[in-house]
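1. here you go, sequence then predicted model.
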Amino acid sequence: DAKTTQPNSMESNEEEPVHLPCNHSTISGTDYIHWYRQLPSQGPEYVIHGLTSNVNNRMASLAIAEDRKSSTLILHRATLRDAAVYYCILEHPYYDMRFGAGTRLTVKP
Amino acid sequence: SQTIHQWPATLVQPVGSPLSLECTVEGTSNPNLYWYRQAAGRGLQLLFYSVGIGQISSEVPQNLSASRPQDRQFILSSKKLLLSDSGFYLCAWSGGSEQYFGPGTRLTVT
């Protein structure tokens, strides 16, 4: 199975942009890249996903490297409510997704 | 709109007792359904997924089982709980690329 590698933790200041990196060097051509986040004691929440092109939505932007071996989730202006564990996941057939340990984002006021 | 329900929210069970966790989805048909477990401070582990009634794929061999008796109902069971079964159990559904998670059940096996 293709796997992802993320830093264990990152810190950001409130109102500043945050770039969360993810490496997935063994990604296959049909794997989608998904990002979810999880607040304490809650289920994960969908953030964004993409295949090859960069993607934007109201929550974040996803920048995908040209060789697709890495991607970056961009929060344009971090707020205290963005403090969470962020998971980078590759989607396998039948929408099968394998969550890793993720990156714990701390946002400082 | 679609909603996903899980119950109970919390559960404390002794070692060796049975388990039944239920998940139901409203507002959609023929969803893919998933059971995950999250140990304290860890990431999510996919336990089972189902693409249709009676179709269950198991990802981790263990003393847990899953069933899908109806299109929008997914049940996680065990005949005899182990201490290692403690964790946060999450049910999710998808109809496309996104997965939507329920509120979870926090299980403590004592």
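-> Alright, I've got the coordinates.

2. mind giving me the packing neighbours of the helix or strand hosting B:Leu76?
-> Here B:Leu76 is covered by strand B:73-78, with elements defined by DSSP states H and E. Here strand B:73-78 touches strand B:19-26, strand B:32-38, strand B:44-52, strand B:64-70, strand B:87-94, going by 3 or more C-beta pairs under 8 Å, 6 or more residues apart in numbering or on different chains; DSSP states H and E. (Each C-beta comes from the backbone N, C-alpha and C, glycine too.)

3. in the first one, which residues are buried?
-> When burial is assessed from 16 or more other C-beta atoms under 10 Å in any protein chain shown, strand B:19-26 yields the following buried residues: B:19, B:21, B:23-25.

4. got these as JSON lines, with distance to chain A and pLDDT columns?
-> What follows is those, written out as JSON lines (distance: C-beta to the nearest C-beta, whole Å; pLDDT from 0 to 100):
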{"residue": "B:Leu19", "distance to chain A": "19", "pLDDT": "96"}
{"residue": "B:Leu21", "distance to chain A": "14", "pLDDT": "96"}
{"residue": "B:Cys23", "distance to chain A": "11", "pLDDT": "97"}
{"residue": "B:Thr24", "distance to chain A": "15", "pLDDT": "97"}
{"residue": "B:Val25", "distance to chain A": "13", "pLDDT": "96"}
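
5. just to check, A:Asn57 is in contact with A:Ile48?
-> Yes. A:Asn57 is in contact with A:Ile48 according to C-beta atoms under 8 Å; the separation is 5.5 Å.

6. give me the pLDDT for residue 102.
-> No chain in the question, so chain A it is. pLDDT, A:Gly102: 92.

7. sorry, should have said chain B
-> On the pLDDT scale, B:Gly102 gets 94.

8. from A:Cys22, how far out is it?
-> 25 Å (C-beta to C-beta, to the nearest Å).

9. which of the two has more neighbours?
-> Set B:Gly102 next to A:Cys22 and count neighbours by other C-beta atoms under 10 Å in any protein chain shown: A:Cys22 wins out with 25 against 22.

10. so who does residue 91 touch?
-> Picking chain A for this. A:31-34, A:49, A:97, B:97 (C-beta atoms under 8 Å, 6 or more residues apart in numbering or on different chains).

11. my bad, the chain I had in mind was chain B
-> B:4, B:6, B:21, B:23, B:33-36, B:74, B:76, B:101-102, B:104.

12. in the sheet, who's paired with it?
-> B:Trp35 (DSSP bridges).
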